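Novice: missing the sequence, but the structure's below:
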Ligand SMILES: NC(=O)c1ccc[n+]([C@@H]2O[C@H](COP(=O)([O-])OP(=O)(O)OC[C@H]3O[C@@H](n4cnc5c(N)ncnc54)[C@H](O)[C@@H]3O)[C@@H](O)[C@H]2O)c1
């Protein structure tokens, strides 16, 4: 029996601790249990968050064990290998899988039945690893995917077009990483296509915008050593959609089963999110180039999975 008011965060480094803080401020859960292989770190983060909590809305925040995490409605997996400088996310596939798989196995052994939300990178492959290690239905395993990249796209276009980001509808699909695909054919500003809205203004350079969106994470990592606020906010947004059974549509990483001819790999498409996770995977009309690039993105992921020795059944 999951406790709908409890969230578990596995790995409380930069991403996990920032997510815990953001979840606390949003008051989505009344219980936040933190786990980390560095138990002293988890205790310290729980104590620090509890201090802040006294000035926010009350939640019980503590460093716990897998038995306590198993009761959670959502378990967020941020324990994973980190990248440095210009190192690609895919380059740490094997290292990250060796962290994610045992975490998920322990969680399942303790009886977890909720939704697994994976943020560890490379997030699409780690969601696949978590799916295999968990034995959960695919709908209950979600990677944060390109929700963050889509937010970066909207932010970048908004700045160029001088409108608010929420006036822009736009999706980045595929891998959360170098092979990601900006679905320009579906970008709308107040219902207008990008061309129609930009008529009479300086039109954004599509290639340049895609480069900026793709490289945003690298630039942040080069400057501060890690990223935290954007991904933590994406984690909060997905948790919120689940807990409130919103049935909203978010671009997140999910198991594909034939969409655009792609199967047996996790990557991002727009997903209908409800109380049990992914209720439906949507397949918006894409241009031929976008479809081709999406398939290429799936192949990139598949190759990395195999190269890390994970294709034949996982670590
Ligand atoms: N999906 C995204 O968009 C996105 C964005 C930013 C970071 N990330 C990824 O999130 C992960 C975490 O990044 P970070 O900056 O917080 O790293 P970090 O090193 O600060 O934190 C990782 C934490 O995991 C803990 N950990 C390691 N092995 C563990 C285990 N077996 N059990 C429990 N805890 C364990 C470590 O002690 C550490 O506290 C990385 O893989 C990173 O690439 C993903």
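Specialist: Happy to help now that I have it. All figures in this text were calculated on a predicted structure; none of them were measured in a lab.
Novice: tally of neighbours for the nearest residue in space to residue 163 that is not next to it in sequence?
Specialist: Nearest residue to residue 163, sequence neighbours excluded (CB to CB, 6 or more residues apart in numbering): residue 189, at 6.3 Å. The C-beta positions use only the backbone N, C-alpha and C, and glycine is treated the same way. Residues near residue 189, counting by other CB atoms under 10 Å, number 19.
Novice: isn't residue 189 up against residue 167?
Specialist: Yes - because the distance of 6.0 Å satisfies CB atoms under 8 Å, residue 189 is recorded as touching residue 167.
Novice: most remote residue from the chain's center?
Specialist: Ranking residues of the chain by C-alpha distance from their mean position (CA atoms, centre = their mean) puts residue 200 at the top, at 36.5 Å.
Novice: OK, contacts around residue 311?
Specialist: 302, 305 (CB atoms under 8 Å, 6 or more residues apart in numbering).
Novice: does it lie in a helix or a strand, and which?
Specialist: Assigned by DSSP states H and E, residue 311 belongs to neither a helix nor a strand.
Novice: same check, this time on residue 34
Specialist: Judged by DSSP H and E, residue 34 forms part of strand 31-35.
Novice: next SSE downstream of that strand?
Specialist: Downstream of strand 31-35 (by DSSP H and E), the next one is helix 39-53.
Novice: now that next one and strand 31-35, what's the angle there?
Specialist: 160 degrees (axes from the mean of the first three to the mean of the last three CA atoms, to 10 degrees).
Novice: which residues does helix 39-53 contact?
Specialist: Contacts for helix 39-53 (CB under 8 Å, 6+ apart): 12-13, 16-17, 20-21, 24, 32, 34-36, 59, 61-63.
Novice: mind running it again at 6 Å?
Specialist: Helix 39-53 has contacts (CB atoms under 6 Å, 6 or more residues apart in numbering) with 12, 17, 20, 24, 34, 36, 59, 61, 62, 63.
Novice: for stretch 100-111, same thing?
Specialist: By CB under 6 Å, 6+ apart, stretch 100-111 touches 10, 66-67, 69-70, 75, 79-80, 120, 126, 129-130, 133-134, 315.
Novice: pLDDT on that stretch, on average?
Specialist: Taken as a whole, stretch 100-111 has a mean pLDDT of 98.
Novice: nearest residue to the residue in the chain that the ligand sits nearest to in space, please, no chain neighbours.
Specialist: When scored by CB to the nearest ligand atom, the chain has residue 13 as its residue closest to the ligand, at 1.7 Å. Excluding its sequence neighbours, the residue lying closest to residue 13 (CB to CB, 6+ apart) is residue 78, at 6.8 Å.
Novice: the one you found: how many residues sit nearby?
Specialist: Residue 78, neighbours per other CB under 10 Å, totals 29.
Novice: which bits of the stretch 101-250 of the chain sit near the ligand?
Specialist: 103, 119, 120, 121, 123, 144, 148, 176, 226, 227, 231 (CB under 6 Å from any ligand atom).
Novice: which phi and psi does the closest residue to residue 141 other than its chain neighbours have?
Specialist: Leaving aside its sequence neighbours, residue 141 sits nearest to residue 131 (CB to CB, 6+ apart; 4.3 Å). With angles defined as degrees, to the nearest 10, residue 131 sits at phi -60, psi -50.
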